[in-house]
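Participant: I'd like to go over a predicted model; first the sequence, then the structure.
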Amino acid sequence: MDDVHVQLLEGRAHVTTLNLRWMEGGPRTISIRNRLHGAHGAHGAAELRWKTRSCQSQLARPCPRSAHARCSSRAGCGLDSGLMSCAVSVAHRVSVTTSRLKRAVWRPCWAGGAMMSGKSLLLKVILLGDGGVGKSSLMNRYVTDRFDSQSFHTIGVEFLNRDLEVDGRLVTLQIWDTAGQERFKSLRTPFYRGADCCLLTFAVNDLQSFQNLGCWKKEFMYYSDVKDPERFPFVVLGNKTDVARREVGRDEARAWCEESGCCPYFETSAKDDTNVTAAFEAAVREVLAAEDQVHHALLSSTIDLHGNRRSSRASCC
Ligand SMILES: Nc1nc2c(ncn2[C@@H]2O[C@H](COP(=O)(O)OP(=O)(O)OP(=O)(O)O)[C@@H](O)[C@H]2O)c(=O)[nH]1
């Protein structure tokens, strides 16, 4: 057993101190990285790094607004469970800080209906799907406009932000990329809560990944604890359309989307940047539309002090 002291710093003040314990598992390194991207590129970065043997942490430009946990070895998968839970525990703290920031700084009052001008609305969207379908690649293409043909498997979760304007509304889109491999299930599910939209992703050249969409939806509904499951917005992405050999047809995918609640379907390629922007913008539109519905429902059930109830119902008893 090895005791490690890790601090997340804000300026010179300590905002979080973690005492971590794990079994020694070899000379592997985990990074928890903070990156903040806007429409004009990265404008904030911080990195926390430590090793199992030296246990030295290093933090630069701390700004705990995004979490990133990934094995830095090329194999990217041989972590012992102690190290993994350590990564998750730090990522958790960062995510708690993030959700506090979200509530305190950005979240507008939907019931009030008005957005404060000059402030953007923070929306959390989460990418789910089998390992290797291209979730990280889609996120990276959208936020950094880069594609890596040799990307690592994600361990747990990571997220990136991007600012955008949709139909005149300023939005900070917080995209959470999750690990698709089954063995990382316990690392990703704690991050489903608070999502505003879920992007169910499969690869058009991988039939199994398409057949698993239903399981991903179920897993999301189970762990996210959404208040109104009927209205929760999903978007389905069929990625890797640049690959010649398809196993899932466009019509087949569309039929699945209709059966499972008419969610929008986009065929994308992170590699050649097909439809990636359109898909993320559609996710934002879905969230805004769902929130508008709630807003209208609230307005229509407002009690009129003159004695009339503004309601869609023609009569009441
Ligand atoms: N041809 C092609 N390859 C892609 C595309 N998107 C991703 N890939 C490749 O597919 C592999 C897996 O991509 P990732 O983005 O790591 O997949 P993932 O869904 O994040 O995988 P996990 O992290 O294991 O859940 C990588 O080699 C990518 O380069 C695409 O649109 N077209």
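Facilitator: Looks like it came in fine. Numbering: from 1, shown residues only.
Participant: and the helix or strand encompassing residue 291, what's its mean pLDDT?
Facilitator: Residue 291 is part of helix 276-300 when elements are defined by DSSP states H and E. When pLDDT is averaged along helix 276-300, the result is 81.
Participant: try stretch 194-214
Facilitator: Averaging pLDDT along stretch 194-214 gives 97.
Participant: ok, residue 241 touching residue 269?
Facilitator: Yes. Residue 241 lies in contact with residue 269 (C-beta atoms under 8 Å); the separation is 4.7 Å. (Glycine included, C-beta is placed from N, CA and C.)
Participant: Next, show the common contact partners of these two.
Facilitator: With contacts defined as C-beta atoms under 8 Å, 6 or more residues apart in numbering, the residues shared by residue 241 and residue 269 are residue 275.
Participant: okay, now the spatially closest residue to residue 268 that is not a sequence neighbour: neighbour count?
Facilitator: Ranked by C-beta to C-beta, 6 or more residues apart in numbering and with sequence neighbours excluded, the top spatial neighbour of residue 268 is residue 275, at 4.5 Å. Counted by other C-beta atoms under 10 Å, the residues lying close to residue 275 total 19.
Participant: From residue 218, how far off is residue 275?
Facilitator: When distance is defined by C-beta to C-beta, to the nearest Å, residue 275 is 26 Å away from residue 218.
Participant: again, but for residue 282
Facilitator: Between residue 282 and residue 218 the distance is 22 Å, computed by C-beta to C-beta.
Participant: Confirm for me that residue 189 is in contact with residue 219.
Facilitator: Yes. Because the distance of 7.0 Å satisfies C-beta under 8 Å, residue 189 is recorded as touching residue 219.
Participant: what sits against the residue nearest to residue 138 when sequence neighbours are not counted?
Facilitator: Here the nearest residue to residue 138 in space, its sequence neighbours aside, is residue 270; by C-beta to C-beta, 6+ apart that works out to 4.7 Å. Residue 270 makes contact with 134, 137, 138, 140, 141, 147, 239, 240, 276 under the criterion C-beta under 8 Å, 6+ apart.
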